[in-house]
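**Student:** For reference, the sequence and a predicted model appear below.
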Amino acid sequence: MVVKNVCCIGAGYVGGPTCSVIAWKCPDIQVHVVDKSEMRIKQWNSDKLPIYEPDLEDVVRECRGRNLFFTNNIEAAIKAADLIFISVNTPTKTYGIGKGRAADLKHIEMCARTIAEVSEGNKIVVEKSTVPVRAAESITHILSANTKPGVSFQILSNPEFLAEGTAIDNLLNPDRVLIGGEESEAGAAAVAELTWIYNHWVPPERIITTSTWSSELSKLASNAFLAQRVSSINAISALCEATGADVTQVASAVGKDSRIGSKFLTASVGFGGSCFQKDLLNLVYIAECLNLPEVAMYWQQVTDMNVYQRTRFAKRIVECLFNTVADKSLAVFGFAFKKNTGDTRESPAKYVCSHLLEEGARLNIYDPKVEKIQIEHDLTCPTLTNEPERVKKLIEIFDDPYEAVRDAHAIVVLTEWDEFKKFDYKRMHEVMKKPAFVFDGRKILDHKALIKLGFHTETIGKRFTRNSLLRSSGEHFPAFAWTP
Ligand SMILES: NC(=O)C1=CN([C@@H]2O[C@H](COP(=O)(O)OP(=O)(O)OC[C@H]3O[C@@H](n4cnc5c(N)ncnc54)[C@H](O)[C@@H]3O)[C@@H](O)[C@H]2O)C=CC1
Ligand SMILES: O=C(O)[C@H]1O[C@H](OP(=O)(O)OP(=O)(O)OC[C@H]2O[C@@H](n3ccc(=O)[nH]c3=O)[C@H](O)[C@@H]2O)[C@H](O)[C@@H](O)[C@@H]1O
């Protein structure tokens, strides 16, 4: 079989960009991206795509209607496809056994059932969603129990490693493409088909094949390792603040060791995004189920440290603002979980804002890409507050950062958008209440310049002598007489 028709179930952050790139690089393949959400498909077919991702628009514009189609006609697309990617969401379960930790596979199961029901010929089914180890086995069971006579399926694992904000670049130049398949002749043939698709643009040495279970676990392990690096440097940032060391200098010195490497060592207000926490919790749950409590506890600590970091930052804001933010206006710069995306899933900004709102602060929020309605929805959502009406009165969303800072006591930077570095902070200082504070949760601003302008400046993993006078903790750290 040579793949001519690809269907992707799930037109989200993964399915949309991934299949757009496949369509772009493989003009000989027809690609149908399907979703149960009519709204999402409508947006993919419009000028305003449902997700913001640099360069995505150009790729979609070039391929849409040529060999790239977005449709709600799920059954027809499955029927016509030789190869089907499952790219649906696999969130943390919010009910039943494993609530709050296990991955919810109900969407995956629904896809498997639909595929079995409508397929009239042999197909390759590819798990692109991030799933627990041995999920492919469950998919195989569902498919084989519901398959029409004469139809057969091969299941592959092909996890996605793209990061939001750099998705197109990651897809075009991946560090690796991982394909896991059944160790049999039919399995190898299916792996070869998927490899052929990637061969259109990915060098062969970057395409790795493994067993299905290794592939599934490698995805969870990769995200766990990445998150662990962020939590490790964030743990060090707390030590830096208490001792007077500078986390940027420490990270740079540590990262120079080629065995450690310099990437993913930027201390921050905490990691966010839809996947790190979800995948860590999933790993913890799997380890617990396999009676490996020490392994579970080890990875649990990575997410606990993340919660500690964002809470610590929020508490520090209150502490510096003379222990009260009630009725004070604070300008919040950034709400997305990282720059170059409009995604707010698990954004640390949500949690820091929620803490400040709990303390009675008024928040003037500015983010260049997140929609107003999304910010309001996130901050009033029942998992964050049981007082949505009170919260609504305390938040205001701004299109203009200079208006957001008017009469504010502080600027709180929660996303590392490049444009924040270029703002005219002198102009901002003039219209703010005094003393004016900056809390840089992303370490992106020119702190020396801010201090010169008169801002009391606080950041992650570093303290400035002048401002530290305002703070009680760690003030007289006895370097040579430390007792635990
Ligand atoms: N967001 C990211 O950057 C990355 C996500 N992943 C993984 O990829 C998977 C998808 O993630 P996202 O794209 O972010 O999710 P998403 O929530 O943006 O998109 C999932 C889409 O699947 C659709 N869907 C769910 N069930 C369906 C069904 N039965 N039939 C048709 N459509 C259905 C939903 O309507 C939604 O539009 C997850 O497992 C995630 O862990 C992996 C790498 C990167
Ligand atoms: O499975 C997934 O969903 C994806 O998760 C992450 O991608 P993503 O969450 O989009 O973004 P990252 O760049 O990894 O950043 C995650 C969070 O960590 C934070 N971070 C990252 C790096 C760093 O040094 N410090 C730091 O605080 C970011 O600000 C962000 O909040 C991984 O990088 C991808 O490889 C993976 O495919």
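**Tutor:** Thanks, I have it. Ligands and ions are numbered 1, 2, ... in the order given.
**Student:** Give me every residue in the stretch 251-400 of the chain that's in contact range of ligand 1.
**Tutor:** Residues of the stretch 251-400 of the chain lying near ligand 1 by Cβ under 6 Å from any ligand atom: Ser274, Cys275. In short, each C-beta sits where N, CA and C put it, glycine included.
**Student:** again, but for the stretch 1-150 of the chain
**Tutor:** With Cβ under 6 Å from any ligand atom as the criterion, the stretch 1-150 of the chain meets ligand 1 at residues 9-15, 34-37, 40, 74, 87-90, 107, 110-111, 129-130.
**Student:** Inside helices: which ones of these?
**Tutor:** Gly15, Arg40, Ile74, His107, Met110, Cys111 (DSSP state H).
**Student:** My guess is Gly441 contacts Cys353. True?
**Tutor:** No - taking contacts as Cβ atoms under 8 Å, Gly441 lies outside contact range of Cys353: 11.3 Å.
**Student:** I'd like the ones in helices among the residues of the stretch 1-150 of the chain next to ligand 1 written out as CSV, with neighbour count and pLDDT added.
**Tutor:** Putting those into CSV (neighbours: other Cβ atoms under 10 Å; pLDDT from 0 to 100) gives the following:
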residue, neighbour count, pLDDT
Gly15, 26, 98
Arg40, 21, 98
Ile74, 18, 98
His107, 18, 97
Met110, 15, 97
Cys111, 27, 97
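**Student:** ranges for the strands of this structure?
**Tutor:** 5-9, 30-34, 68-71, 83-86, 123-127, 153-157, 177-181, 207-211, 329-333, 362-366, 395-397, 410-413, 437-440, 456-459 (DSSP state E).
**Student:** mind checking how far the last one is from the chain centre?
**Tutor:** Mean C-alpha position of strand 456-459 versus that of the full chain (Cα atoms, centre = their mean, to the nearest Å) differs by 27 Å.
**Student:** Please apply the same query to the second one.
**Tutor:** On the basis of Cα atoms, centre = their mean, strand 30-34 sits 24 Å off its chain's mean C-alpha point.
**Student:** repeat for the fifth one
**Tutor:** For strand 123-127, the distance from its own C-alpha centre to the chain's C-alpha centre is 25 Å (Cα atoms, centre = their mean).
**Student:** for it, what is the average pLDDT?
**Tutor:** Across strand 123-127, the average pLDDT comes to 97.
**Student:** just the angle between it and strand 177-181, please?
**Tutor:** Interaxial angle, strand 123-127 versus strand 177-181 (axes from the mean of the first three to the mean of the last three Cα atoms, to 10 degrees): 120 degrees.
**Student:** and if you look at the first one?
**Tutor:** Interaxial angle, strand 5-9 versus strand 177-181 (the same axes, to 10 degrees): 90 degrees.
**Student:** so which of the residues of the stretch 1-150 of the chain next to ligand 1 are also by ligand 2?
**Tutor:** Among those, proximity to ligand 2 is found for Thr130 (Cβ under 6 Å from any ligand atom).
**Student:** In PyMOL, select just the buried ones from the residues of the stretch 1-150 of the chain next to ligand 1.
**Tutor:** Buried residues among these (16 or more other Cβ atoms under 10 Å), as a PyMOL selection:
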select buried, resi 9+10+11+12+13+14+15+34+35+36+40+74+87+88+89+90+107+111+129+130
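**Student:** burial measure for the closest residue to Phe335 other than its chain neighbours, as a count.
**Tutor:** Nearest non-adjacent residue to Phe335, counting by Cβ to Cβ, 6 or more residues apart in numbering: Asp367, 4.0 Å away. For Asp367, the neighbour count with other Cβ atoms under 10 Å is 24.
**Student:** and what of Glu137?
**Tutor:** Neighbours of Glu137 (other Cβ under 10 Å): 13.
**Student:** Need the per-residue pLDDT for it.
**Tutor:** Predicted confidence (pLDDT) for Glu137: 92.
**Student:** Tell me the backbone dihedrals of the closest residue to ligand 2 within the stretch 301-450 of the chain, please.
**Tutor:** Closest to ligand 2 within the stretch 301-450 of the chain is Lys338: 3.9 Å, counting by Cβ to the nearest ligand atom. With angles defined as degrees, to the nearest 10, Lys338 sits at phi -160, psi 170.
**Student:** got the contact list for the closest residue in space to it that isn't next to it in sequence?
**Tutor:** Nearest residue to Lys338, sequence neighbours excluded (Cβ to Cβ, 6+ apart): Gly165, at 5.8 Å. Contacts of Gly165 were listed using Cβ atoms under 8 Å, 6 or more residues apart in numbering, and they are Glu53, Pro54, Lys338, Lys339, Asn340, Thr341.
**Student:** can you pull the contacts of Ser222?
**Tutor:** Ser222 sits next to Phe161 when contact means Cβ under 8 Å, 6+ apart.
**Student:** Does the longest helix anywhere in the chain reach ligand 2?
**Tutor:** Looking across the chain with DSSP H, the single longest helix is helix 212-243. Yes - judged by Cβ under 6 Å from any ligand atom, helix 212-243 comes into contact with ligand 2 at Asn223, Leu226, Val230.
**Student:** What is the neighbour count of the second one?
**Tutor:** Applying the criterion other Cβ under 10 Å, we find 19 residues in the vicinity of Leu226.
**Student:** quick one, phi psi at the residue of the stretch 301-450 of the chain found nearest ligand 1?
**Tutor:** Nearest to ligand 1 in the stretch 301-450 of the chain, going by Cβ to the nearest ligand atom, is Asp343, at a distance of 7.3 Å. For Asp343, the backbone dihedrals (degrees, to the nearest 10) come out as phi -80, psi 130.
**Student:** Would you confirm that it contacts Gly273?
**Tutor:** Yes - if you go by Cβ under 8 Å, Asp343 and Gly273 touch, sitting 7.1 Å apart.
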